[in-house]
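**Student:** Structure here, sequence nowhere to be found:
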């Protein structure tokens with residue numbers, strides 16, 4: 001998302017929050033919205049809940065952004081890679097692995113975009129130690145690169161260092177919260193379910209060329225028996241974007 005799009009999103013999200021809650025000091029917190037909890041229960045008013053869902057989706061549609069999502073299948077990763085030592089290039093911490101796979105696709109997107117833009121990495125703050133570990137994971141990519149993307153490419157396209165935010169008021173990280181949940185649910189079901197925002201997200205995932213070798217914003221690792229389903233979903237992403 002560009003800085004301009006982020007500013008417009010914050011303004012539009014504030015307006016939506018004032019309309020439904022009378023204040024802007026509300027966070028579009030995915031678990032609360034999914035469970036109809038706290039403010040998002042709307043005193044049990046189903047019509048109000050549905051109206052909010054429609055207008056939230058419209059806010060997302062009106063906001064230009066590109067989606068990247070990485071689903072790590074932890075048990076399969078441990079069985080196929082950690083227990084066997086099959087790939088010495090892969091980070092062992094799951095979060096570090098997700099950062100690596102995400103950034104490999106992010107720089108591919110930046111490099112093929114018609115307008116040259118330098119990427120910045122924003123993460124939700126979890127805690128001092130965790131934030132430092134994630135900062136180190138990004139730094140390692142910029143210093144050493146990966147098996148498939150050189151450090152020079154990362155250095156050319158990504159600003160060194162992460163910035164961290166906490167959930168407070170309107171911020172584009174609210175969108176990331178929704179994306180993360182849908183990618184999690186889709187991956188956990190081995191691609192057999194269609195999460196709430198999935199039809200919309202298929203229109204927004206990064207996709208270039210044939211969608212292979214890092215040219216698709218949706219990555220599942222290890223894919224293993226999901227590969228056929230993942231290929232079908234890549235085709236759906238391609239078709240959805242061609243229609244738009």
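**Tutor:** Now that the structure is in, tell me what you want to look at. Values in this document were obtained by computation on a predicted structure and should not be read as measured data.
**Student:** Tell me the buried residues in stretch 7-18?
**Tutor:** Of the residues in stretch 7-18, those buried by neighbour count under the rule 16 or more other CB atoms under 10 Å are 9-10, 13-14, 16-17. The way it works is simple: take the backbone N, C-alpha and C, and place the C-beta from them, glycine included.
**Student:** Residue 26 falls within a helix, correct?
**Tutor:** No: remark: residue 26 does not belong to a helix; assigned using DSSP: H, G, I helix; E, B strand; the rest coil, it is coil.
**Student:** And for it, the neighbour number?
**Tutor:** Neighbouring residues of residue 26 were enumerated by other CB atoms under 10 Å; the total is 20.
**Student:** On the pLDDT front, check the nearest residue to it once chain neighbours are set aside for me.
**Tutor:** Residue nearest to residue 26 in three dimensions, not counting chain neighbours: residue 17, with 4.8 Å by CB to CB, 6 or more residues apart in numbering. pLDDT recorded at residue 17 is 98.
**Student:** Tell me which helix or strand comes right after whichever strand or helix holds residue 17.
**Tutor:** Taking DSSP states H and E as the criterion, the element that holds residue 17 is helix 3-21. Along the chain past helix 3-21, the next helix or strand (assigned with DSSP H and E) turns out to be helix 30-35.
**Student:** So which residues make contact with that next one?
**Tutor:** Residues lying outside helix 30-35 but in contact with it, judged by CB atoms under 8 Å, 6 or more residues apart in numbering, are 37-40, 56, 177-178, 180-181, 196.
**Student:** if we go to 6 Å?
**Tutor:** The contact list for helix 30-35 (CB atoms under 6 Å, 6 or more residues apart in numbering) reads 38, 40, 177-178, 181.
**Student:** pretty sure residue 159 belongs to a strand, no?
**Tutor:** Yes: the assignment for residue 159 by three-state DSSP puts it in a strand.
**Student:** Tell me, how many residues neighbour the closest residue to it other than its chain neighbours?
**Tutor:** Nearest-residue entry for residue 159: residue 120, 4.9 Å, with adjacent residues in sequence omitted and distances by CB to CB, 6+ apart. A count of neighbours around residue 120, defined by other CB under 10 Å, yields 12.
**Student:** Please report how far residue 120 lies from residue 220.
**Tutor:** With the distance defined as CB to CB, to the nearest Å, residue 120 ends up 25 Å from residue 220.
**Student:** now the helices for this protein?
**Tutor:** Per DSSP state H, the chain has helices spanning 3-21, 30-35, 46-62, 74-77, 94-112, 128-144, 151-157, 173-188, 198-201, 227-243. These are given in chain order.
**Student:** Tell me the buried residues in the helix or strand of the chain with the lowest mean pLDDT?
**Tutor:** In the chain, the helix or strand scored least confidently by mean pLDDT, DSSP states H and E is helix 227-243, which has a mean of 91. By neighbour count on 16+ other CB under 10 Å, the buried set for helix 227-243 is 229-230, 233-234, 236-238, 240.
**Student:** where does this protein have low pLDDT?
**Tutor:** When residues are selected by pLDDT under 70, none of them lie in the chain.
**Student:** rerun at 90
**Tutor:** In the predicted model of the chain, residues 85-89, 112-117, 166-168, 210-213, 224-225, 241-244 satisfy pLDDT under 90.
**Student:** My read is that residue 99 contacts residue 137, right?
**Tutor:** Yes: with the criterion set as CB atoms under 6 Å, residue 99 and residue 137 qualify as a contacting pair; they are 4.8 Å apart.
**Student:** between these two, which one's more packed in?
**Tutor:** Here residue 99 and residue 137 are set side by side on neighbour count (other CB under 10 Å), and the busier one is residue 99, at 23 against 19.
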